[in-house]
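K.L.:
Structure here, sequence nowhere to be found:
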């Protein structure tokens, strides 16, 4: 069910383990504050993917609980720098994709270990992770030039005879790696969509 539990096999990383810690926080006997290290540890690897909500017989939505804990923990306080940096990742990557040469400079800088390690430390990213290659363009600028439909499918058409589909590109496809989104455009065009 939980991807982080499947990776670690630690009970604390399961939905049950996290729910137990939050129960102790709610009843206030063993854990008294929102910023207790045990709460932080229990929620640290939660991806907020909502697999628990879909698979748990009790319907526990740990992503919702996690959001509430972080809201209460940081209400009226300054958050860690990583929250601001990663929370604004779509803004930063849009800048690197639209300012000429910025993606190339960023990609080159991230190949220098001391710079990369410092950037990862500030952003709260494990230094063992790979740095994604930043694009020098936005997917939305590429897509309109490559979406002409071919007449190869029997999908129902609109009043003007065209078959339309909307492809939503998330922030990662938009400016970090649009390979999957480009492949999806190719499949949709081959299927006769505009």
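P.N.:
Nice, thanks for sending it over. None of the values given here were measured: they were computed from a predicted structure.
K.L.:
residues in contact with the spatially most central residue of the chain?
P.N.:
Centroid-nearest residue in the chain: residue 172, 7.8 Å away (criterion: Cα atoms, centre = their mean). Neighbour list for residue 172: residue 132 [criterion: Cβ atoms under 8 Å, 6 or more residues apart in numbering]. Using the backbone N, CA and C atoms, a C-beta is placed for each residue, glycine as well.
K.L.:
do you know how far it is from residue 89?
P.N.:
Taking Cβ to Cβ, to the nearest Å as the measure, residue 172 and residue 89 are separated by 9 Å.
K.L.:
Can you tell me the SS state at residue 77?
P.N.:
coil (DSSP: H, G, I helix; E, B strand; the rest coil).
K.L.:
OK, contacts around it?
P.N.:
Taking Cβ under 8 Å, 6+ apart, one finds nothing in contact with residue 77.
K.L.:
State the distance from it to residue 70.
P.N.:
On the measure of Cβ to Cβ, residue 77 and residue 70 end up 11 Å apart.
K.L.:
intersection of neighbour lists for those two?
P.N.:
Joint contacts of residue 77 and residue 70 (Cβ under 8 Å, 6+ apart) do not exist.
K.L.:
what mean pLDDT would you report for stretch 133-142?
P.N.:
Taken as a whole, stretch 133-142 carries a mean pLDDT of 91.
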